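Q: Model the following, please.
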Amino acid sequence: MSHAATAGGDVSPNRLKIAFATLGVVYGDIGTSPLYAMREALHPVVRAGGDLRLAVLGVVSLLIWALLIVVTLKYVIMLMRADNRGEGGILSLVVLVETLLKKKGGIVLALGIIGAAFFFGDAMITPAMSVLSAVEGLSVINQGFEPVVVPLTLAILISLFLFQYKGTAGVASLFAPVTMVWFAILGFIGFIHIFDNFEIFIALNPWYGFRILVEQPGLALLVFGGVFLAVTGGEALYADMGHFGRTPIRIAWASVVLPSLIINYLGQGAFVLSHPAAVENPLFLMTPAWGLIPFVILATAVTVIASQAVITGAFSIAQQAMSLGLLPRMNITHTSEEEQGQIYIGQINWLILFGVILLVLVFKSSSNLASAYGVAVNTSMVVDSILGLIFFWKAGSLPRWFAIPALLIILAVELTFGMANAFKIVHGGYMPVLIGATIILLMMTWLKGRALLA
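A: So this is what the prediction gives:
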């Protein structure tokens, strides 16, 4: 299939096959969020001695509506309409906006540099967070496994990065079936536990999420920091569009990923309502004892896949950054004869691996890393929304009366998440800020150097 056909909305005989393949590359990141999002969102309430019942209903409501507003509406429905010759991602959006404004550089390019830099930061934090959170499931089985969590995590991550040169086609064919099983099990476990307490369906009302912010704004911001973890990976959908195309990505989201996530979060909520002690680690504790070991193994495999989404996205962003003169030329290997968007960049691969290893060794647990996680992604998402506002105002590809209010609401939600993530900076969130600032400095230095040489 040609890249152009895949990238657009054309009907293709292979689109279901490609949609299945996206599960193995695009959706691993957001698919592993149930491992830690509910846990981290509820921990501030438990520490503060708050009303767990209202907190569960509020958190589940926030999780579901965050998926619907930030991921479904913003990325799947809206921003995927903004493609630059099939390519997605923040720098493609920069090019489109510059073309519409008939002006290069300035604030638009500056926003793109900031967004891209923090996306690279996310590409380092996501693998560390995802794999650590799964391997820690061994400690749920037996506390004696705790000393091997960090070494095993490092071994898994190093193996993943060594495999990257084979390209996303090989990765997708290997990982897609595993991820499909993961989503099926997430949905199945969630569905079973919904019967623990039908009151959880009240959480479908967005008021229960909003009331946390109204009644306890201080506590709400801490809760929001955990809720935001459920939408990390949403930006990878857009960045990976050049690898698979918008139509297959949309099909997989609507038919498999979104239903599985919503059902699982409802199940986790019902389980915690019925078993309050399970708030410590809902997903692992709601898994039957006989299935815990296979589930931990599967979760570990899928978190490796989760890392793939941002790694392939980072390759795409790096390629676009080179074409804009923001990064020096690097050796780009095209890993597919059929899809021109499927690439591998060795220098980027090893730099991200170095950052991942450093993060695992410094933070040592997913709870510690949760403090660092979210800041980088949140920054990229806010930049996406600002550029999206300019694009849809000028392009007219969607009616302004719909696109502008929708993106303003989304931006307000993301800025609220931003305030919540700001609390994390002193507890580890400084790390993605330092990474992002370093990359911004390097890009600006290179851009200035090229201007002087020109």
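Q: Only C-alpha atoms from now on, for both contacts and neighbour counts.
A: OK.
Q: Run through the stretch 101-250 of the chain and note the low-pLDDT ranges.
A: For the stretch 101-250 of the chain, applying pLDDT under 70 flags the ranges 167-173.
Q: Buried ones in stretch 211-220, by neighbour count?
A: 212-213, 219-220 (16 or more other Cα atoms under 10 Å).
Q: Endpoints of that stretch, how far apart?
A: Stretch 211-220 stretches 9 Å from its first residue to its last (Cα to Cα, to the nearest Å).
Q: Nearest spatial neighbour of residue 23, chain-adjacent residues omitted?
A: residue 176 (5.1 Å; Cα to Cα, 6 or more residues apart in numbering).
Q: And the helix or strand hosting the one you found, how far out from the chain middle?
A: Take DSSP states H and E as the rule and residue 176 turns out to sit in helix 168-194. Computed by Cα atoms, centre = their mean, to the nearest Å, the chain-centroid distance of helix 168-194 equals 16 Å.
Q: so who does the residue nearest to residue 23 touch?
A: 20-25 (Cα atoms under 8 Å, 6 or more residues apart in numbering).
Q: from the chain's centre, how far out does the very next helix or strand once past the helix holding residue 176 sit?
A: With elements assigned by DSSP H and E, the helix or strand that comes after helix 168-194 is helix 207-215. Taking Cα atoms, centre = their mean, the mean C-alpha location of helix 207-215 is offset from the chain mean by 24 Å.
Q: what about the helices in the stretch 251-400 of the chain?
A: Ranges of helices within the stretch 251-400 of the chain are 258-274, 282-285, 292-323, 346-363, 366-370, 375-395, 400-422, based on DSSP state H, counting those that start in this stretch.
Q: Least reliable of those helices by average pLDDT, please.
A: Among these, helix 366-370 carries the lowest mean pLDDT, at a mean of 79.
Q: mind listing what's buried in it?
A: In helix 366-370, counting by 16+ other Cα under 10 Å, buried: 366-367, 369-370.
Q: what does it contact?
A: 40, 125, 129-130, 132-133, 226, 359, 363, 428.
Q: if I pick the nearest residue to residue 298 once chain neighbours are set aside, what's in contact with it?
A: Excluding its sequence neighbours, the residue lying closest to residue 298 (Cα to Cα, 6+ apart) is residue 182, at 7.1 Å. Shown in contact with residue 182 (Cα under 8 Å, 6+ apart): 298-299, 302.
Q: before we move on, what about residue 348?
A: Contact analysis of residue 348 by Cα under 8 Å, 6+ apart lists 314-315, 318.
Q: Go again with 6 Å.
A: The contact partners of residue 348, taken as Cα atoms under 6 Å, 6 or more residues apart in numbering, number zero.
Q: What about the contacts of residue 182, which one has the most neighbours?
A: With neighbours taken as other Cα atoms under 10 Å, the top of these is residue 302, carrying 29 neighbours.
Q: count of neighbours near residue 198?
A: Residue 198, neighbours per other Cα under 10 Å, totals 14.
Q: Skipping adjacent residues, who's closest to it in space?
A: That would be residue 270: by Cα to Cα, 6+ apart, it lies 7.0 Å from residue 198.
Q: Now that that neighbour has come up, it's in contact with residue 200, right?
A: Yes. With contact defined as Cα atoms under 6 Å, residue 270 counts as touching residue 200 (5.5 Å).
Q: more neighbours, those two?
A: Counted by other Cα under 10 Å, residue 270 and residue 200 do not tie: residue 270 has more neighbours, with 28 against 25.
Q: if I look at that one, how far off is residue 187?
A: 14 Å.
Q: which phi and psi does residue 373 have?
A: Residue 373 adopts backbone torsions of phi -70, psi 140, taken as degrees, to the nearest 10.
Q: what's it in contact with, if anything?
A: Applying Cα under 6 Å, 6+ apart, no residues qualify as near residue 373.
Q: Now do the same contact list for the residue nearest to the spatial centre of the chain.
A: Geometric centre of the chain, nearest residue: residue 233, 1.3 Å, by Cα atoms, centre = their mean. Shown in contact with residue 233 (Cα under 6 Å, 6+ apart): 29-30.
Q: Please apply the same query to residue 447.
A: Applying Cα under 6 Å, 6+ apart to residue 447 gives the contacts residue 326.
Q: so it is in which element?
A: Going by DSSP H and E, residue 447 is in helix 430-453.
Q: Would you mind getting the angle between that helix and helix 346-363?
A: If you take axes from the mean of the first three to the mean of the last three Cα atoms, to 10 degrees, helix 430-453 sits at 150 degrees to helix 346-363.
Q: Tabulate the CA atom coordinates of helix 430-453 in CSV.
A: Output of helix 430-453 as CSV, limited to C-alpha atoms (Å, rounded to 0.1, in the frame of the first residue of the first chain):
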residue,chain,number,x,y,z
TYR,A,430,12.4,18.9,37.2
MET,A,431,14.0,16.0,35.2
PRO,A,432,11.8,16.4,32.0
VAL,A,433,12.1,20.2,32.4
LEU,A,434,15.9,19.9,32.3
ILE,A,435,15.8,17.5,29.4
GLY,A,436,13.4,19.7,27.4
ALA,A,437,15.4,22.9,28.2
THR,A,438,18.6,21.2,27.1
ILE,A,439,17.1,20.0,23.8
ILE,A,440,15.6,23.5,23.2
LEU,A,441,19.0,25.1,23.8
LEU,A,442,20.6,22.6,21.3
MET,A,443,18.0,23.3,18.7
MET,A,444,18.2,27.0,19.0
THR,A,445,22.0,26.9,19.0
TRP,A,446,22.0,24.8,15.8
LEU,A,447,19.4,27.0,14.2
LYS,A,448,21.4,30.2,15.0
GLY,A,449,24.6,28.5,13.8
ARG,A,450,23.0,27.7,10.4
ALA,A,451,21.7,31.3,10.1
LEU,A,452,25.2,32.6,10.6
LEU,A,453,26.6,30.2,8.0
